[in-house]
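Undergrad: My questions concern the predicted model and sequence given below.
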Amino acid sequence: MASAIFWSVLIPTAVAATLVAAASWCRPLRKRPVASGMLVVLAITIAAVWSFVASVGWPAWPPPQKWHAVPWLITIIGLWGMIDVSLPRGEWPARLVLATLGGVAAGWMLILPGKDPLTVGVVVGVAGLLTSLLDTRRRSVLPLGGWAIAASLSLLALIASQMTLSLMAGAVSGSLAAVWLIRLISPSPEVGLPIGGAVLGGVLAVITLTAWSYDYQQVPSWAWLVVAAGVPGACMLEIGSLRCWHGALALSVRSLVLVSPAVAVVLILFEAVKGAMRG
């Protein structure tokens with residue numbers, strides 16, 4: 001177990017943290033938000049794919065098992081995130097097109113038991129679109145919220161006995177923790193770090209759907225639905241006059257909205273979490 005955590009969580013997290021630090025502290029990159037954002041997208045993508053490969057190895061195409069399409073799909077989502085972070089802030093029509101293409105790729109590549117391909121495509125596409133739009137407006141809160149969601153998702157996958165997916169979510173969580181912490185001590189915190197929100201939403205949606213599909217009633221279905229509910233909740237705070245709400249209180253409320261559902265799921269299932277960790 002310790003060896004698996006080292007190779008599938010700690011090492012990819014360290015690689016991701018190095019890329020994030022370069023994006024934040026390298027002066028030429030700080031002056032180029034697009035290049036900086038692409039490095040952060042790359043960090044999250046590498047963390048997720050590295051974790052899978054360290055656990056399972058790189059699968060052939062077509063994959064021997066249907067869910068082994070995950071690293072291939074995440075690679076495509078990483079490309080989606082690269083394009084997303086290069087788009088201007090208000091370019092939502094292009095982001096909608098990208099989300100549609102990402103959803104089509106997910107529905108085609110990720111064949112899961114009990115999940116209709118259309119449902120898979122819609123969930124991945126919408127998740128990537130929502131986090132992308134949130135990243136363009138509130139990128140200061142998304143790393144913290146993403147960290148909480150990914151960490152909680154890792155624990156749910158552990159309860160469901162999906163060790164590879166649990167480690168993947170843990171690696172993504174570590175990467176987002178690096179984004180959040182490095183942002184706090186960045187020499188230019190006002191610049192911020194775009195994370196290409198599409199990659200975050202897409203990757204977490206893929207992990208959630210896959211773990212849920214292979215969960216044999218060890219985790220309540222509502223938990224898989226609620227764990228990322230903070231994202232659409234935070235998006236609601238960007239509608240109408242609420243989007244003009246700024247300041248410390250606004251930042252705290254948005255962070256709380258993002259984090260609370262994920263934390264609540266873990267607290268409600270705390271006994272199951274402890275049992276899975278002991279096992």
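TA: Arrived safely.
Undergrad: can you give me the helices for this structure?
TA: Ranges of helices within the chain are 2-5, 11-25, 27-30, 33-56, 70-86, 92-109, 117-138, 142-159, 163-184, 197-213, 221-226, 230-236, 248-268, 270-278, based on DSSP state H.
Undergrad: Check which residues of the fourth one are buried.
TA: Spelled out, that is helix 33-56. Burial within helix 33-56, assessed by neighbour count using 16 or more other Cβ atoms under 10 Å, is assigned to 33, 36-52, 54-56. C-beta here means a position set from N, CA and C on the backbone, and glycine is covered the same way.
Undergrad: Just want the angle from it to helix 163-184.
TA: Our comparison of helix 33-56 with helix 163-184, counting by axes from the mean of the first three to the mean of the last three Cα atoms, to 10 degrees, yields an angle of 150 degrees.
Undergrad: check contacts around residue 153.
TA: Under the criterion of Cβ atoms under 8 Å, 6 or more residues apart in numbering, the contact partners of residue 153 comprise 169, 173, 204, 207, 208, 211, 227, 228, 262.
Undergrad: from these, which single one is nearest residue 16?
TA: Closest approach to residue 16 among the contacts of residue 153 (Cβ to Cβ): residue 173, at 10.5 Å.
Undergrad: Run a quick neighbour tally on the closest one.
TA: If you count neighbours by other Cβ atoms under 10 Å, residue 173 ends up with 24.
Undergrad: My understanding was that it contacts residue 145; is that so?
TA: No - using Cβ atoms under 8 Å as the test, residue 173 is too far from residue 145 to be in contact (11.4 Å).
Undergrad: pLDDT below threshold where in the stretch 51-200 of the chain?
TA: 187-193 (pLDDT under 70).
Undergrad: Is it correct that residue 102 is in contact with residue 127?
TA: No - with the criterion set as Cβ under 8 Å, residue 102 and residue 127 do not qualify as a contacting pair; they are 9.3 Å apart.
Undergrad: hey, what's in contact with both of those two?
TA: Common neighbours of residue 102 and residue 127, using Cβ under 8 Å, 6+ apart, are residue 202.
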